[in-house]
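**Q** could you look at this predicted model? Sequence included:
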Amino acid sequence: AASSLLEGLERNTMLMVKSHSTNLNYSRLQNNIMATVKVQSIQSVTDMTFPDPSIVRGTSWSDSGDSIYLPYKTLLESARNGVVKVAFFSYRQMESILLASNPTEAVSNNTVRLVNSRVVAAALGRRRVLGLTQPVLITLRHSQEENVSDPQCVFWDFSKRDWSQHGCWVEASNETHTVCACDHLTNFAVLMDVRSVKLTHSNQVALQVITYAGCFVSIVCLILTIITYQLFRGLKSERMLIHKNLCICLLVAEVVFVAGISQTAQRTLCGIIAGLLHYFFLAAFLWMFLEGFQLYVMLIEVFDSEKSRLGWYYALAYGLPALVVAVAATIDPASYGTPQHCWLRTDNYFILSFIGPVVAILLANVVFLSIAVYMMCHHSSLASSVKNKEHSKMANFRIWIRSAAVLVVLLGLTWGFGLLYLSAESVAMAYLFTFLNSLQGLFIFVFHCLRNDKVRKEYKQLVEHWPWLPTCLRSEKSSEGPSFTHSNGTTHSAPSCGGGLPPSLESQFWCPPKNSDSVVTQSSSIRSTTLGGHPSTRIPLDTRTTPRARGA
């Protein structure tokens, strides 16, 4: 019935136009329909835009947000006898009755496709215009702006009694409007995927609690990791600097995420927050890749390179994300920030500016880590012919590669579930993304600090030198000196030179001179010293000094 109504209305309007061969500009506005008819000579024809702002000003149609633009060239192509005849229509509520054969066709478990705009139409003369050399532009306002995605420009096919995309495509789209381009004239609308399932209030509260609690733990762990790498000089290396920069990027991203992901009320601020998240998460992924690349380099280099690569690492990890964000912001700045979150839009492929680089980085990381694992296994097969030092080196590499691989999996799964949640609004995906996102900082602190022997040793030495630590809890290694065996068979540690020996034993031990310009060499003659009259430990007493070698 609705299809027949459109056909009848268009036919009657064009009959009225046929009776006029001179200039005509007629508009009629009703509650549910707006129509404009124009007849112009080709000498006075210019580009046409419907509706005319002067006609709708002060009426209920003034805020419709819909428009049709016909270029001058298209109008001339339809001219007959030096006259151009055109009719425009805009309908209210027509989208609710102009239904396809399956109007709520399921796209996924939680998504249906519905008409999400008013229906507008244009006609030239009595014939249908097909194959326009310059397309007509139709701007349509979205009826629903939340939980919608994937706009499709369609027209009503009277023969099939259904919506069709043939000859129409999306020229541009944002959260409120879609601009369609079509090479023919008829009735137009926008189809969009509408997610019908939303998170319940209890789920939203639970996710919010998990997000803030998990991110707080992650932020604290990242801060502790950064302090650890900054505090201990013994941890200064290219690998540790890569770890530190990875932690800095994740820390900034987590803080911005917690503080700004919901700041959707301020459009400009929301866009800036989305851009910062885009940049720092890309930088974090690149530092993660550089960790795998550095392990690969350390395995293939026989000798340590004297030339540092850190300059190249900094340029790549911070420069490439800046380039990606700059290009994306130049192409479509409006896609930074959505009505739901301060993040990248997912309904117009803008999210590919994040997914594309991340997938490429993950694949490259997997390649280099796989090569590193292969080379490490090859070295392990030669274990019988290598020294203990090489055994220790291979053991360290195994730990490093395992940690890097787990981090790749963790970050990959986190954002995989995050993108699935954004596209499907699945409650399970939301919980998985929130939980894994909060684990990143904790994982880095555990694997790179608490389970790192070198870092644990630095922690131990730091604690042992704290002044408030009781003496009984401090390590005895710091006070160990030469040992001797008493006549009763017990072994004692002699305090180090510089004090601490009892007066009765002080003469029995020799300490080197305090002059730093000499070193001690043992004499060929060695005397035995007895403690308590019993010979026990031989202690060298006859010594001589020789000048210290220059540069020693």
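**A** Yes, it's here.
**Q** you'd agree residue 163 is up against residue 186?
**A** No: with contacts counted by Cβ atoms under 8 Å, residue 163 stays clear of residue 186, the gap being 11.0 Å. Every residue, glycine included, has its C-beta placed from N, CA and C.
**Q** higher neighbour count, those two?
**A** More neighbours surround residue 163 than the other of residue 163 and residue 186, with 23 against 20 (other Cβ atoms under 10 Å).
**Q** name the residues contacting each of residue 163 and residue 186.
**A** Between them, residue 163 and residue 186 share these contacting residues under Cβ atoms under 8 Å, 6 or more residues apart in numbering: 155, 156.
**Q** and residue 229, how far from residue 13?
**A** Distance of residue 229 to residue 13, computed by Cβ to Cβ, to the nearest Å: 75 Å.
**Q** next: residue 289.
**A** Distance from residue 289 to residue 13, by Cβ to Cβ: 62 Å.
**Q** one more: residue 222?
**A** Remark: distance between residue 222 and residue 13 (Cβ to Cβ) = 67 Å.
**Q** so for those two, which sits in the more crowded spot?
**A** Between residue 222 and residue 13, residue 222 has the larger neighbour count (other Cβ under 10 Å), namely 25 against 20.
**Q** mind telling me what element that one is part of?
**A** helix 201-231 (DSSP states H and E).
**Q** list the buried residues for that helix?
**A** Buried residues in helix 201-231, counted by 16 or more other Cβ atoms under 10 Å: 206-207, 210-211, 214-215, 218-219, 221-222, 224-226, 228-229.
**Q** tell me the gap between the strand or helix carrying residue 462 and the middle of its chain.
**A** Using DSSP H and E, residue 462 sits in helix 453-464. Distance, stretch centre to chain centre, for helix 453-464: 34 Å (Cα atoms, centre = their mean, to the nearest Å).
**Q** and that helix with helix 201-231, angle?
**A** On the basis of axes from the mean of the first three to the mean of the last three Cα atoms, to 10 degrees, helix 453-464 is oriented at 80 degrees to helix 201-231.
**Q** which helices and strands does helix 453-464 pack with?
**A** If contacts are counted by 3 or more Cβ pairs under 8 Å, 6 or more residues apart in numbering; DSSP states H and E, helix 453-464 sits against helix 201-231.
**Q** now do the helix it packs on, average pLDDT.
**A** For helix 201-231, mean pLDDT is 85.
**Q** please name every helix or strand in contact with it.
**A** If you count contacts as 3+ Cβ pairs under 8 Å, 6+ apart, helix 201-231 packs onto helix 238-260, helix 427-445, helix 453-464.
**Q** compute the inter-axis angle for the helix holding residue 462 and helix 238-260.
**A** Helix 453-464 and helix 238-260 are oriented at 80 degrees to each other (the same axes, to 10 degrees).
**Q** shaky segments in the stretch 201-350 of the chain?
**A** Along the stretch 201-350 of the chain, segments meeting pLDDT under 70 span 234, 301-307.
**Q** return the helix or strand in this protein with minimum mean pLDDT.
**A** Lowest mean confidence among the helices and strands of the chain (mean pLDDT, DSSP states H and E): strand 518-522, at a mean of 38.
**Q** per-residue pLDDT, the closest residue to residue 218 other than its chain neighbours?
**A** The shortest distance from residue 218 to any non-neighbouring residue, by Cβ to Cβ, 6 or more residues apart in numbering, is to residue 441 (3.1 Å). Looking at residue 441, its pLDDT is 83.
**Q** again with residue 506
**A** Per-residue pLDDT puts residue 506 at 46.
**Q** and for residue 516?
**A** The model reports residue 516 with a pLDDT of 40.
**Q** that older thread, what comes up buried for the helix holding residue 462?
**A** Neighbour-count burial for helix 453-464, counted by 16+ other Cβ under 10 Å, picks out 455, 458, 459.
**Q** return the distance of stretch 113-133 from the chain's centre.
**A** Distance, stretch centre to chain centre, for stretch 113-133: 40 Å (Cα atoms, centre = their mean).
**Q** could you work out the end-to-end span of that stretch for me?
**A** In stretch 113-133, first residue to last residue: 31 Å (Cα to Cα, to the nearest Å).
**Q** and that stretch, average pLDDT?
**A** In this model, stretch 113-133 carries a mean pLDDT of 80.
**Q** please verify my assumption that residue 151 contacts residue 173.
**A** Yes: assessed by Cβ under 8 Å, residue 151 is found in contact with residue 173 at 4.9 Å.
**Q** identify the contacts common to these two.
**A** Counting by Cβ under 8 Å, 6+ apart, the residues touching both residue 151 and residue 173 are 347, 348.
**Q** OK, contacts around the most centrally placed residue in the chain?
**A** Centroid-nearest residue in the chain: residue 281, 3.9 Å away (criterion: Cα atoms, centre = their mean). Neighbour list for residue 281: 249, 253, 354 [criterion: Cβ under 8 Å, 6+ apart].
**Q** for it, which three-state class applies?
**A** The three-state assignment at residue 281 reads helix, by DSSP: H, G, I helix; E, B strand; the rest coil.
**Q** thanks a lot, catch you later.
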